[in-house]
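Peer 1: I'll drop the sequence and a predicted model, then ask my questions.
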Amino acid sequence: MNSRDYLAHVLDFYNRTARFYDLGEFVRRGTRAMAVEMSDLQPGDRVLDLCTGTGDLALAFASRGAYVVGVGISRGMLAQAAAKNSHLPTTWIEMDASQLLFENKAFDISAISLGLHHMPEDVQHRVLSEME
C-alpha cells in the first residue's frame with residue numbers, strides 16, 4: 001500500500017468508526033497506565049501522544065500531571081478524544097505524524113500507541129524520526 005492509499009484508508013476507517021472505537025478498549029485494560037508508569041513521567045512534563053486516536057493514552061498521562069498534546073489525522077477520533085475531557089491539560093491537534101510542526105525537543109516524552117501498524121514502512125520510519 002503506498003502512502004496516499006494508506007492515508008485514504010486510515011481516514012475513511014477511523015472517521016467512520018470513531019464513535020464505536022472505544023468499545024474494544026477493554027482488551028487493552030491497564031496498558032495505558034503501564035505505559036505512563038514505564039515512561040518515568042514527572043508532574044509538569046510535556047508529553048506528545050502521536051496517533052492519539054480517542055485519546056486514552058493522552059488522558060492517562062494528563063491524569064498524572066502532564067500537559068499533553070494529542071496528535072492525529074482523523075477528525076472523528078480527535079472529536080471523541082475532546083469529548084472525553086473537559087478538565088485535564090490536553091490539546092488535540094489534527095496533524096500528520098510524519099510531518100510534525102513542533103520544534104525539536106519541545107516535549108519531555110513522546111509516545112505512540114497502535115498507530116504504526118497501519119503505516120507503510122517508509123512512513124513508520126518518518127514518524128519515528130519525528131519523535132526524536
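Peer 2: Everything's here; your move.
Peer 1: who's in contact with residue 132?
Peer 2: Contact analysis of residue 132 by C-beta atoms under 8 Å, 6 or more residues apart in numbering lists residue 104. Placement of C-beta: from N, CA and C, glycine included.
Peer 1: Find me the pLDDT at it, would you?
Peer 2: pLDDT recorded at residue 132 is 75.
Peer 1: Against residue 18, how distant is it?
Peer 2: As judged by C-beta to C-beta, to the nearest Å, residue 132 and residue 18 stand 29 Å apart.
Peer 1: what residues does the helix ranked longest in the chain touch?
Peer 2: Determined from DSSP state H, the single longest helix within the chain is helix 3-17. Under the contact criterion C-beta under 8 Å, 6+ apart, helix 3-17 has outside partners 1, 21, 53, 73-77, 96, 118-120, 122-123.
Peer 1: now those as JSON lines including distance to residue 40, neighbour count and secondary structure?
Peer 2: Compiled in JSON lines, the contacts of helix 3-17 are given as follows (distance: C-beta to C-beta, whole Å; neighbours: other C-beta atoms under 10 Å; DSSP: H, G, I helix; E, B strand; the rest coil):
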{"residue": "1", "distance to residue 40": "36", "neighbour count": "12", "secondary structure": "coil"}
{"residue": "21", "distance to residue 40": "29", "neighbour count": "17", "secondary structure": "helix"}
{"residue": "53", "distance to residue 40": "23", "neighbour count": "23", "secondary structure": "coil"}
{"residue": "73", "distance to residue 40": "28", "neighbour count": "19", "secondary structure": "coil"}
{"residue": "74", "distance to residue 40": "29", "neighbour count": "24", "secondary structure": "coil"}
{"residue": "75", "distance to residue 40": "32", "neighbour count": "14", "secondary structure": "helix"}
{"residue": "76", "distance to residue 40": "32", "neighbour count": "18", "secondary structure": "helix"}
{"residue": "77", "distance to residue 40": "27", "neighbour count": "27", "secondary structure": "helix"}
{"residue": "96", "distance to residue 40": "28", "neighbour count": "16", "secondary structure": "coil"}
{"residue": "118", "distance to residue 40": "28", "neighbour count": "16", "secondary structure": "helix"}
{"residue": "119", "distance to residue 40": "27", "neighbour count": "21", "secondary structure": "coil"}
{"residue": "120", "distance to residue 40": "32", "neighbour count": "13", "secondary structure": "coil"}
{"residue": "122", "distance to residue 40": "31", "neighbour count": "11", "secondary structure": "helix"}
{"residue": "123", "distance to residue 40": "28", "neighbour count": "19", "secondary structure": "helix"}
